[in-house]
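# sequence? don't have it. structure:
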């Protein structure tokens with residue numbers, strides 16, 4: 001959760017940059033994002049996130065959606081651009097259990 005600024009100032013503190021582990025060395029290659037076996041690169045990113053966070057549906061192990069969004073927005077696509085926040089939200093949603101996709105107030 002981002003901290004708000006000093007009470008004497010109305011400006012909120014700048015959001016802290018989230019750093020994740022190093023990307024594999026092949027990310028610098030022009031072939032990055034061109035996975036073998038014709039797997040789309042967004043699927044590759046989802047599989048990497050499942051491994052990175054240890055997502056396990058059987059054990060009920062899922063990170064928070066915000067953590068997944070931060071992870072995905074830190075990744076680069078094969079064209080060198082970062083994953084957009086819109087795409088990161090979608091990827092994060094699809095890494096979560098169906099019960100967590102319904103939205104709305106819980107309780």
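Ah, there it is. Every value quoted in this text rests on a predicted model; they were computed, and no experiment measured them.

# So for the longest helix along the chain, mean pLDDT?
Counting residues, the longest helix in the chain under DSSP state H turns out to be helix 41-53. For helix 41-53, the mean pLDDT works out to 93.

# in it, what counts as buried?
41-42, 44-46, 49, 53 (16 or more other CB atoms under 10 Å). The way it works is simple: take the backbone N, C-alpha and C, and place the C-beta from them, glycine included.

# Output these in a markdown table; the columns should cover distance to residue 91.
Shown next, in a markdown table, are the buried residues of helix 41-53 (distance: CB to CB, whole Å):
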| residue | distance to residue 91 |
| --- | --- |
| 41 | 11 |
| 42 | 6 |
| 44 | 11 |
| 45 | 6 |
| 46 | 6 |
| 49 | 7 |
| 53 | 12 |
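
# Most widely separated two among those?
Maximum pairwise distance in those, criterion CB to CB, is 18.5 Å, between 41 and 53.

# Is residue 66 located within a helix, as I assumed?
Yes: the assignment for residue 66 is a helix, going by DSSP: H, G, I helix; E, B strand; the rest coil.

# how close does it sit to residue 72?
As judged by CB to CB, to the nearest Å, residue 66 and residue 72 stand 11 Å apart.

# Neighbour count for those two, which is higher?
residue 72 (25 against 11; other CB atoms under 10 Å).

# Just the element for that one, please.
In this assignment (DSSP states H and E), residue 72 forms part of helix 65-73.

# what ranges of this protein fall below the confidence cut-off?
Scanning the chain for pLDDT under 70 picks out 1-37, 100-107.

# coming back round to it: and of the buried residues of helix 41-53, the nearest to residue 79?
residue 41 (9.8 Å).

# From residue 77, how far out is the closest one?
Residue 41 sits 6 Å away from residue 77, taking CB to CB as the criterion.

# can you check residue 87 too?
Taken as CB to CB, the span from residue 87 to residue 77 is 9 Å.
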